[in-house]
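Engineer: based on what follows, work out the 3D shape:
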Amino acid sequence: MALTVPAIMKTTAARLSALYLLLFAICAVLLVFYMTSLSARMLTAQTQETINEEVADLARSYQRGGLPFLVRTMERRSRAPGANLYMIADPNGEVLAGNVQSIEPGVIAREGWTEIPFSYERYGESGGEQAQGANDAGKPSGQAPAQIRRNKGHDAIALVVRLPNQMILLVGRDLGEPERFRSVVRRALTLTLGMMGLGALLIWFLVGRTALKRIDNVSEASRRIMGGDLTGRLPVSGAGDEFDRLSENLNAMLARIATLNEGLKQVSDNIAHDLKTPLTRLRNRAEAVLSGKHSAADYKAALEGTIAESDQLIKTFNAILMISRLEAGYSSENVTQVDLAATVRDVVDLYEPVAEEAGVGLEANVTGPYLIDGNRELVGQALSNIVDNAIKYSVDATASPMVRVALERVAGGIRLTVADNGQGIPDDADRARVTERFVRLEKSRSQPGSGLGLSLAKAIMKFHKGTLDLQPADPGLCVVMSFPEREVSSGRNG
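Structural biologist: Presented below is the predicted three-dimensional model:
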């Protein structure tokens, strides 16, 4: 997939990001207008409050000293830095005093607050012609030259009051400062939100490209795996995010599938090689009996041999099926509470006659109970295979062949050991290899068996979340079965 804007927009994450970006932009615009209008209203309200206080103060001055005192007060205040607008006009609109040279027509014709801002000029901002026009502009008729209707871009609001002698008092405030403040606020908010929007857009685009690139890498790896390369794995960036967690889980699944496929391949190869011999013997025995005249006893012996050979083949296939079931995940419904001590005693009691007939001593050092969560039949099968091997390979190995079974609690679990004093397996590589399917060492090929006993025991231990280890016993071999102990509140000893 090409890393383009249309391709990015096809992803759910990109669409959600675009929606959030649009909502953010709308909220940002509304916020700009709200903040600027709020600031303007606040400044206007503050200006009106200031003008009201100013008019009240000038009214007190008029009451104390009449019109002369009022004019002197206005002249003094109009010279102060940042002064308000002051103007006194006669009833006909003739400007008598103040710092206003000209205003829009009709402003002083009505008492109270001006409904809309008006334009004005202070003294010193225009020539004499406009000064004359200002006098005309102050008349209630509102007639004035056109050139003074909008002067210099100065806007103001004012409060117009008629004095008791019918004189007109105007006190106003220039709106330049509120407008400048509102403009500054608007520009600042617009610039800030614009930068935030641009940053969000860039981050969204870059993050979208990065996410899409990672998805493309996963898709490419998946195509290679589907093409037959089961050694391939999904890429992991190391960021520890959801992509990495997904890739790690899928890689674990692929590793498990590869292991099962490899096991299946090995089983197929081993079946082809190791089961070919007994099948050939069956055929040869049947052919030998049919190729000539034989007695009834010969036919009976041949059939009995065929049945025995077939039973061995059935056992081999049953073991293979059991191993496959365990490796694929044996049903958890077969897991119950199992007392290892009782299982060990039963297996030892079962093999005592076999060991006695073979001339091998069999000892068991078992107390109990030792409780685990597992399957009693499977644990007994694994222990039976190990004890049977220990007895089989201890015969004629020493003057006093002996097999010892011990059960003990260790840190983190329970350990079951089966040790013999036979020839053992001195080579470390051979000890690791004998737990594979159909593997039989050269010195054991003269013994009956299929090479699946330890493989089945290993699969059973893996099903019980335990381990199977083969260790040298000097002399002999020690097989260690380690089980995780079941957590119980009471009834544990040993």
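
Engineer: this protein: strands as residue ranges?
Structural biologist: Here the chain has its strands, by DSSP state E, at 85-89, 95-98, 100-103, 112-113, 118-122, 155-162, 168-174, 336-339, 361-365, 371-374, 402-410, 413-420, 467-472, 477-483.

Engineer: export the second one as PDB, just CAs?
Structural biologist: If I follow you right, that is strand 95-98. Extracted in PDB, the C-alpha atoms of strand 95-98 (Å, rounded to 0.1, in the frame of the first residue of the first chain):
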ATOM      1  CA  VAL A  95     -18.800  74.100  21.100                       C
ATOM      2  CA  LEU A  96     -17.700  76.300  24.000                       C
ATOM      3  CA  ALA A  97     -14.900  74.200  25.700                       C
ATOM      4  CA  GLY A  98     -13.200  70.800  25.800                       C
END
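
Engineer: so which elements touch it?
Structural biologist: Counting contacts by 3 or more C-beta pairs under 8 Å, 6 or more residues apart in numbering; DSSP states H and E, strand 95-98 packs against helix 12-78, strand 85-89. In short, each C-beta sits where N, CA and C put it, glycine included.

Engineer: with the longest one instead?
Structural biologist: Where contact means 3+ C-beta pairs under 8 Å, 6+ apart, strand 402-410 is packed against helix 340-358, strand 361-365, helix 376-392, strand 413-420.

Engineer: same deal with the third one?
Structural biologist: Other helices and strands packing on strand 100-103, by 3+ C-beta pairs under 8 Å, 6+ apart, are strand 85-89, strand 118-122, helix 128-137, strand 168-174.

Engineer: lowest average pLDDT across the ones you listed?
Structural biologist: Of all the helices and strands packed on strand 100-103, mean pLDDT reaches its minimum on helix 128-137 (a mean of 40).

Engineer: and T343, how many neighbours?
Structural biologist: By the criterion of other C-beta atoms under 10 Å, T343 has 24 neighbours.

Engineer: before we move on, what about E304?
Structural biologist: The number of residues packed near E304 is 10, by other C-beta under 10 Å.

Engineer: begin at 23 from now on, thanks
Structural biologist: In the new count, where the first residue is 23, that last one comes out as E326.

Engineer: same list (the helices and strands packed on strand 424-432) but as CSV, adding distance to G249.
Structural biologist: Formatted as CSV, the helices and strands packed on strand 424-432 follow (distance: least, C-beta to C-beta, whole Å):
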stretch, distance to G249
helix 362-380, 48
strand 383-387, 55
helix 398-414, 38
strand 435-442, 43
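
Engineer: out of the ones you listed, nearest to A178?
Structural biologist: Closest approach to A178 among the helices and strands packed on strand 424-432 is made by strand 435-442 (91.5 Å; C-beta to C-beta).

Engineer: got a list of contacts for that closest one?
Structural biologist: 362, 366, 392, 394, 405, 408-409, 412-413, 415-416, 419, 423-431, 488, 495, 498-507 (C-beta atoms under 8 Å, 6 or more residues apart in numbering).

Engineer: sorry, back to before: hey, which of the strands of the chain is tucked in deepest?
Structural biologist: strand 122-125 (a mean of 26; mean count of other C-beta atoms under 10 Å).

Engineer: quick one: mean pLDDT for that strand?
Structural biologist: 79.

Engineer: chain center to it: distance?
Structural biologist: Distance, stretch centre to chain centre, for strand 122-125: 70 Å (C-alpha atoms, centre = their mean, to the nearest Å).

Engineer: so in that sheet, which strands flank it, and in what orientation?
Structural biologist: Strand 122-125 sits in its sheet next to strand 140-144 (antiparallel), going by DSSP bridges.

Engineer: quick one, the partner strand and strand 107-111 angle?
Structural biologist: Put simply, strand 140-144 runs at 90 degrees to strand 107-111, going by axes from the mean of the first three to the mean of the last three C-alpha atoms, to 10 degrees.

Engineer: chain center to strand 140-144: distance?
Structural biologist: Relative to its chain's centre, strand 140-144 lies at 65 Å (C-alpha atoms, centre = their mean).

Engineer: next: stretch 366-385.
Structural biologist: Put simply, stretch 366-385 sits 57 Å off its chain's centre (C-alpha atoms, centre = their mean).

Engineer: identify the residues contacting that stretch?
Structural biologist: Contact partners of stretch 366-385, identified using C-beta under 8 Å, 6+ apart, comprise 386, 388, 402, 405-406, 409-410, 413-414, 416-417, 422-427, 429, 438.

Engineer: let's see that with 10 Å instead.
Structural biologist: Under the criterion C-beta atoms under 10 Å, 6 or more residues apart in numbering, residues 361, 386-388, 390, 392, 398, 401-410, 412-420, 422-429, 438, 440-444 lie in contact with stretch 366-385.

Engineer: dump it to PDB, restricted to CA.
Structural biologist: In PDB, the C-alpha atoms belonging to stretch 366-385 read as follows (Å, rounded to 0.1, in the frame of the first residue of the first chain):
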ATOM      1  CA  VAL A 366       4.000 -43.900  42.700                       C
ATOM      2  CA  ARG A 367       3.000 -46.700  45.200                       C
ATOM      3  CA  ASP A 368       0.600 -48.200  42.600                       C
ATOM      4  CA  VAL A 369       3.300 -48.200  39.900                       C
ATOM      5  CA  VAL A 370       5.900 -49.700  42.100                       C
ATOM      6  CA  ASP A 371       3.600 -52.400  43.300                       C
ATOM      7  CA  LEU A 372       2.800 -53.100  39.600                       C
ATOM      8  CA  TYR A 373       6.400 -53.500  38.600                       C
ATOM      9  CA  GLU A 374       7.700 -55.300  41.600                       C
ATOM     10  CA  PRO A 375       7.000 -58.800  40.100                       C
ATOM     11  CA  VAL A 376       8.600 -57.700  36.800                       C
ATOM     12  CA  ALA A 377      11.700 -56.400  38.600                       C
ATOM     13  CA  GLU A 378      11.900 -59.600  40.700                       C
ATOM     14  CA  GLU A 379      11.600 -61.800  37.600                       C
ATOM     15  CA  ALA A 380      14.400 -59.800  35.900                       C
ATOM     16  CA  GLY A 381      16.600 -59.900  39.000                       C
ATOM     17  CA  VAL A 382      16.500 -56.200  39.600                       C
ATOM     18  CA  GLY A 383      15.900 -54.600  43.000                       C
ATOM     19  CA  LEU A 384      13.100 -52.100  43.200                       C
ATOM     20  CA  GLU A 385      12.900 -49.600  46.100                       C
END
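
Engineer: quick one: mean pLDDT over it.
Structural biologist: On average, stretch 366-385 scores 90.

Engineer: in that stretch, which residues are buried?
Structural biologist: By 16 or more other C-beta atoms under 10 Å, the buried positions in stretch 366-385 come out as V366, R367, V369, V370, Y373, A377, A380, V382, G383, L384.

Engineer: same deal with stretch 301-311?
Structural biologist: R307, V311.

Engineer: and that stretch, what's its mean pLDDT?
Structural biologist: Averaging pLDDT along stretch 301-311 yields 81.
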